[in-house]
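Colleague: My questions concern the predicted model and sequence given below.
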Amino acid sequence: MPQRRLFYLDAHRLTAYHWHAGKLTTEDSFTSNSSGIDAFAAYLALHKQDLFYLLADVVEEGFQPDVIPHVQGRDRTALLKRKNDQYFHGAALNLAIPLGRETTGRRDDRMLFLALTKPQLFEPWLAALRDAEAQLVGVYSLPLIGNAFAKAHVSKNRDHPAQFLLVSVTRAGLRQTYLDNGQLRFSRLTPLSGDSLDEITTACSIESARIYQYLIGYRLFERGSKLTTLVLTHPAQTTIFQERCRDTGDVHFEFLDLIAESGRYGLKTMPNDSHSETFFLHLMARNTPREQFAESAERRLYRLWQTRLALNTASVVIFLSCLIFSAKQLIQFYNLQEDTQQVQQQAEATGRQYAVALKALPQMPFTSNSLRALIERYDTLVKQTPALEPMYQRISAALQQAQRVELDRIDWKVGANPDEGKPTGDGPAKPVAAGKVVQSQDLFVVADVYAQLPVSLKNDERTLKSIIDAFNVSLSKDGKVQVRVLKLPFDVESTKTLRSTDDDAAVVEVPRFSVRILQKL
Amino acid sequence: MTPLAKTLQRIRWNLLLFLTTLVLGAAMLYFSRNLLTDADKTHTQAMGKRGEVQGKLANARNEEQELLEKFSRYQGIVAKGYIGSERRLDWIEQIRKIKTTRKLLDVIYELEPQQVLDGGNASGFDFMASKMRLQMQLLHEEDLLNFLADLRDSMRAYIDVKSCNVIKQTRTGSSAQLAAECMVEWITLRERTSG
């Protein structure tokens, strides 16, 4: 993984630090001349793979609040660029911070335009970074980092005034950053001629009163209100600050423990005095703000590094996800295989038990299913093969009852349809076609009985009718058969022609009749 | 070189790594998924087979009784000689013997070629039938019934009487009182050979 290297740039020199997990180590310091730049290039060459952050703490930083129409996309980018060019012409290191929207009218966007207004101060360093193809994360200014810190401080202390001044001491001088409702509004660096505590505390007191007037003048702060001034001090020096920076009618001082704040944010290399640049450097590396000054071209290699990191991370995540999912499936596979083996063993054991049970059965030349089918078919055949005797016995018994009926003929058959082969005259009924498969419930035993009655009764139709009826009743007295008259010796149906008979005819025709007996199988 | 080409060149190894892991990951997933699917199929089959065998075993006792009873009936069919080729010569002799024994007047018959009675079934046997047209002169209807009963008892074929017409004789000069004309099927079982 690349290391993080932080640069602190003031008006005179650039100091390089190595940052790792809160530990900040000073590596080198480079002056703003050609030898310094060369040394810086050599330093960069040694750390080509690392990530670089530049924190500027210079006087030449402009702040310009403005209101712009609420537009999006390319229009917004163009508008912001135009505005920055308008306010800070020629300053390539610029940015715009949104401060929210107006509550009335078009609800325009309130913006704060910032720029590092002396490009020549940065250009040699940026050129060296470009030449070294260094991965520049961004260019930040101390007010930007201080803004992030102040926001966090206000959110933690709800009763803190909305407008306040954050005062910090750095190698570059006394930094005063004015914040309104947690938003950066203005910042000012006062270079100090010396670095004594006496000079710093005096400047703190004087400059606080001076900036109060400035804020009033620009209507950034309401006249008559007390400006809370939060001074970041080393605890060993707080007393001295308190003595020098006394409350006035306009300014109220509060002192913030630099060591405590450094510890809270995880800085492991504590400042020795009230100089807080290492604290802000640490904040920059730890909570890198989204806003920064460098143009996108300067950060191209850093974005490439981000892309590579994203690709590598995605590769690892995808590979691990697939690996885990595959492993899960493989575990399922092995469990399933184990279970399958158990099931197969159980099936084999049960199969052996079944085989033992089957051995108890007689040895057959074919399978049990074939045997079942054979017997079933044979049973059907037997069921469809009625004997003649029962029907003959039925007819014989009926003839015993009807003494005057004399039998001529019996046509017995097994038929699928009782009406099949129904005789139109004296012809016999046809049997079921050989080879035809029929359901036994559709089969009938059909017996057509043809008989005659005494000639003496020829002209006594009523008697003839009663004898035939009695014969039919005898045939079907057990209710197991149906009897239907096929032909009577005379025609009395309404649908047929009824003719008279000649009593004195020479040839006397014997009265004949026929009936059909049906028995379902 | 265009900026895009430059960018791609700088991240080519990372892209290659990404694509490789993507392919590798997909291959791993595909392989493990296939393994699991196959194992699942095998498991389902094994479960099905176990269930089937368990079901068979559970029914084994009932099946044993049923098969014993059916096999006994099969042996009965074998004993009656229904299974095998027709023995027409035996049949002719047997009919002649019955005619003599029963002192029947006249027995005329015509046995048609054998045919398959019905389509195949799961038994592995074909039911074959030979139709016989039988004409007899009878003194009494019992001559017919006895003749048919003797056929059933003595023939090595299943006798299926399909129809029988009995007519009172009015001709003079003949002792026969009745004439019978019957259609009888002689059914035998032929074991079906594979192929």
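Modeller: Noted; the coordinates are in hand.
Colleague: does chain B sit close to the longest helix anywhere in chain A?
Modeller: Ranked by residue count and defined by DSSP state H, the top helix of chain A is helix A:300-359. Yes. Among the residues of helix A:300-359, A:304, A:307-308, A:311-312, A:314-316, A:318-319, A:321-323, A:325-327, A:329-330, A:332-333, A:336-337, A:339-340, A:343-344, A:346-347, A:350-351, A:353-354, A:357-358 lie within reach of chain B under Cβ under 8 Å from any Cβ of the partner chain. Using the backbone N, CA and C atoms, a C-beta is placed for each residue, glycine as well.
Colleague: Quick check on those: which are buried?
Modeller: Those of these that meet the buried threshold are A:304, A:308, A:311-312, A:315, A:318-319, A:322-323, A:326, A:329, A:333, A:336-337, A:340, A:343-344, A:346-347, A:350-351, A:354, A:357, by 16 or more other Cβ atoms under 10 Å in any protein chain shown.
Colleague: quick one: the longest helix of chain A to chain centroid distance?
Modeller: The offset between the C-alpha centroid of helix A:300-359 and the centroid of the whole chain comes to 21 Å, using Cα atoms, centre = their mean, to the nearest Å.
Colleague: Show me what it is packed up against.
Modeller: For helix A:300-359, the elements it packs on are strand A:135-141, helix B:3-10, helix B:12-79, judged by 3 or more Cβ pairs under 8 Å, 6 or more residues apart in numbering or on different chains; DSSP states H and E.
Colleague: what angle separates whichever helix or strand comes after the shortest one from strand A:135-141?
Modeller: So the one you mean is strand A:135-141. Helices and strands here follow DSSP states H and E; after strand A:135-141, the next one along the chain is helix A:142-156. Interaxial angle, helix A:142-156 versus strand A:135-141 (axes from the mean of the first three to the mean of the last three Cα atoms, to 10 degrees): 80 degrees.
Colleague: Okay, now the unreliable bits of chain A?
Modeller: Where chain A drops to pLDDT under 70, the residues are A:361-362, A:417-441, A:492-494, A:496-508.
Colleague: and stretch B:169-185, is it in reach of chain A?
Modeller: Yes. Shown here: stretch B:169-185 in contact with chain A (Cβ under 8 Å from any Cβ) through B:Met183, B:Glu185.
Colleague: tell me the mean pLDDT over that stretch?
Modeller: Taken as a whole, stretch B:169-185 has an average pLDDT of 85.
Colleague: hmm, who's touching it?
Modeller: Contacts of stretch B:169-185 from elsewhere in the structure, counted by Cβ atoms under 8 Å, 6 or more residues apart in numbering or on different chains, are A:431, A:434, B:105-106, B:117, B:129-141, B:144, B:148, B:151, B:159-168.
Colleague: tell me which residues in that stretch are buried?
Modeller: Under the neighbour-count criterion of 16+ other Cβ under 10 Å, stretch B:169-185 has B:Ala176, B:Leu178, B:Ala179, B:Ala180, B:Glu181, B:Cys182, B:Met183, B:Val184, B:Glu185 buried.
Colleague: what's the closest of these to chain A?
Modeller: Using Cβ to the nearest Cβ, B:Met183 is the member of these that sits closest to chain A, with 5.5 Å.
Colleague: Now the helix or strand containing that closest one - C-alpha only, PDB.
Modeller: In this assignment (DSSP H and E), B:Met183 forms part of strand B:178-191. Provided in PDB are the C-alpha atoms of strand B:178-191 (Å, rounded to 0.1, in the frame of the first residue of the first chain):
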ATOM      1  CA  LEU B 178     -83.000 -82.100 -32.200                       C
ATOM      2  CA  ALA B 179     -80.300 -80.500 -34.400                       C
ATOM      3  CA  ALA B 180     -77.600 -78.300 -32.800                       C
ATOM      4  CA  GLU B 181     -75.300 -75.900 -34.400                       C
ATOM      5  CA  CYS B 182     -72.700 -74.300 -32.100                       C
ATOM      6  CA  MET B 183     -69.700 -71.900 -32.400                       C
ATOM      7  CA  VAL B 184     -66.900 -72.900 -30.000                       C
ATOM      8  CA  GLU B 185     -63.600 -71.300 -29.500                       C
ATOM      9  CA  TRP B 186     -60.600 -73.500 -28.500                       C
ATOM     10  CA  ILE B 187     -58.300 -71.200 -26.600                       C
ATOM     11  CA  THR B 188     -54.700 -71.900 -25.800                       C
ATOM     12  CA  LEU B 189     -51.900 -69.700 -24.400                       C
ATOM     13  CA  ARG B 190     -48.700 -69.200 -26.300                       C
ATOM     14  CA  GLU B 191     -45.700 -67.700 -24.500                       C
END
